[in-house]
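Undergrad: fold the following for me, if possible:
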Amino acid sequence: MRSVGTESFVGVRPGLRGAIARHWSLVTVLGVGVTYMVVITLLHTQAVSPIDEPQYIDYLDKVYRQGIVHQGEYLGALVRELFACHGVIPFGPMGPTCGADLSDPAAFPYGGVSSAPIYPPVQFWLARVVGDVLGLIPGVGQLAGWRLVGTLWMAAGLTFCYLIARRMGAADWRFVAVALAFVVSPYGYWTFSYVSTDAPIFCYGAIVLWITMRVARRERSGWWLVLLGVIGPLFKATSLVAVGFAFVYLLVDRIIEARGAGGIRTILRAPQVWLGLAGVAANVIVSAAWNRIIPLLAVSGATAEQGVSSPFSLDLFGQQFAGFLSGVPQWVVPEMDNVALFLPLGWLAIGVVLGGVLVLGRDSSDRALPIALLVAYLIGAPVLVLSVVVATGLYFPIPPRYGIALVPGLIAVALPLLRNRWATRLLLVYVAGLAIYQLVLTIVLARWFA
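TA: Numbering: from 1, shown residues only. You can find the predicted model right below:
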């Protein structure tokens, strides 16, 4: 008599082994990357990241009770205690002494006013629900559970980066080396091991690029980009960088295709280009609508003055060109990341963005991608500056981390450039060194902020 259970089990195992064999580079990246990020996250104390993590934790703490955080709202008791008793890395405790009266909001940074109302609640609801489930795992706890959501965004984004790598015929050790270089970079450290609004934008950027490449080859409808344009600002306004990159990519792709085949009329008649532009327009409209809603929900006139805005000037505006390249992915927190060990990451990023255009010529399978990436890195920050100026009338310097939606493109362009096996091996050794450094740094910080 045949055993149905045994037959089914035997039939599944070869299929699973076959899938692992076919996608071994993705399995390697996720296995190493997720393990590394989980360990880093669980080693963190309750000291918070300086990349606005207290504001995000406050949002997560309140989302069940009130749905959103309102403009003019003060930080709650949880975050005040984190400021006073655990502090901000690397600056230490802020506000009153731990155990003292924490009721005066003016004693805390930014007058104790939340700066998080600019964000729609979607990602915070997701992070709270998923993070609470993760926090039930023995030894994790609520704050670590919220932080571990960043690892899930990282894994999802890397999966779409892998799909892009497969399209380019580079889903091998090159993908493993370049993807893990991003994971262990300061970008990865501060974005995925703490509560961060940049984590979902990395995943979003990877999805947008994967869809865009399929739209360019007429494998998917351009209407997907319109839908993604609507979805992006429901997470963060910097999603504009991703759909803007998609539009530039499609435009450059059609220009290359039109050379000698119809010229400008071919470009103007391409529905992909117009739908890519519609995706940008949809993103801008949804962001503008949310900016109109924010003051309608305000509970007071109090504002979180962070001291980074100033009147707009052409001189300041000009400084933003290539702003995304100035620290990608070399640093996020200058006080912590300004070490020589991270310099090769900056060199690698600049080399990929500039070298991709020079090296990947007519023999490249996707000539539009490196050109579009260079354009996006040059004008991405200025475009975001203009959007802020239009919305607020003030100049706000755009930090390099706001270009995280371009990292999937950076990974994709790096793959065909990394042709030498020894270069790939050297990069893997460098990645291992960075991972050890970040682990040691985390242990040291845990002792300092215990």
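
Undergrad: and the helix or strand hosting Val129, which residues are buried?
TA: Using DSSP states H and E, Val129 maps to helix 122-135. Neighbour counts over helix 122-135 (16 or more other C-beta atoms under 10 Å) mark 123-128, 130-131, 134-135 as buried. Every C-beta, even on glycine, is put in place using the N, C-alpha and C of the backbone.

Undergrad: one more: stretch 421-436?
TA: 424, 427-428, 430-431, 434-435.

Undergrad: which members of these occur in helices, if any?
TA: Counting by DSSP state H, the part of these found in helices is 424, 427-428, 430-431, 434-435.

Undergrad: just name the closest of the residues you listed to Lys62, please.
TA: Ala435 (35.2 Å; C-beta to C-beta).

Undergrad: would you map the strands across the stretch 351-450 of the chain?
TA: 394-395 (DSSP state E, counting those that start in this stretch).

Undergrad: what does the stretch 201-350 of the chain give?
TA: Under DSSP E, counting those that start in this stretch, the stretch 201-350 of the chain gives strands at 310-311.

Undergrad: low pLDDT regions in it?
TA: 260-263, 265, 305-310, 326-330 (pLDDT under 70).

Undergrad: Val215 contacts Val226, doesn't it?
TA: No - if you go by C-beta atoms under 8 Å, Val215 and Val226 don't touch, sitting 10.8 Å apart.

Undergrad: Val273: which of the buried residues of helix 122-135 is nearest?
TA: The nearest member of these to Val273, counting by C-beta to C-beta, is Gln123 at 29.9 Å.

Undergrad: related to what we said a few turns ago, contacts for the helix holding Val129 next, please.
TA: With C-beta atoms under 8 Å, 6 or more residues apart in numbering as the test, helix 122-135 has contacts from 56, 59-60, 63-64, 140-149, 152, 195, 197, 200, 234-236.

Undergrad: next one, pLDDT for Gly5 please.
TA: With respect to pLDDT, Gly5 has a value of 42.

Undergrad: please report how far Ala340 lies from Met154.
TA: Separation of Ala340 from Met154 (C-beta to C-beta, to the nearest Å): 26 Å.

Undergrad: do the same with Met37
TA: 6 Å.

Undergrad: now Ser221
TA: According to C-beta to C-beta, Ser221 and Met154 sit 29 Å apart.

Undergrad: neighbour count winner among the two?
TA: Comparing Ser221 with Met154 by neighbour count (other C-beta atoms under 10 Å), the higher total belongs to Met154, at 24 against 15.

Undergrad: and for the residue nearest to that one when sequence neighbours are not counted, the neighbour number?
TA: In space, and not counting its chain neighbours, Met154 is closest to Phe192: 4.4 Å by C-beta to C-beta, 6 or more residues apart in numbering. Using other C-beta under 10 Å, the number of residues around Phe192 comes to 30.

Undergrad: quick one: contacts for Phe192?
TA: 37, 41, 150-151, 153-154, 183, 199.

Undergrad: next one: Ala405
TA: Contacts of Ala405 (C-beta under 8 Å, 6+ apart): 201-202, 204-205, 208, 238-239, 241-242, 245.
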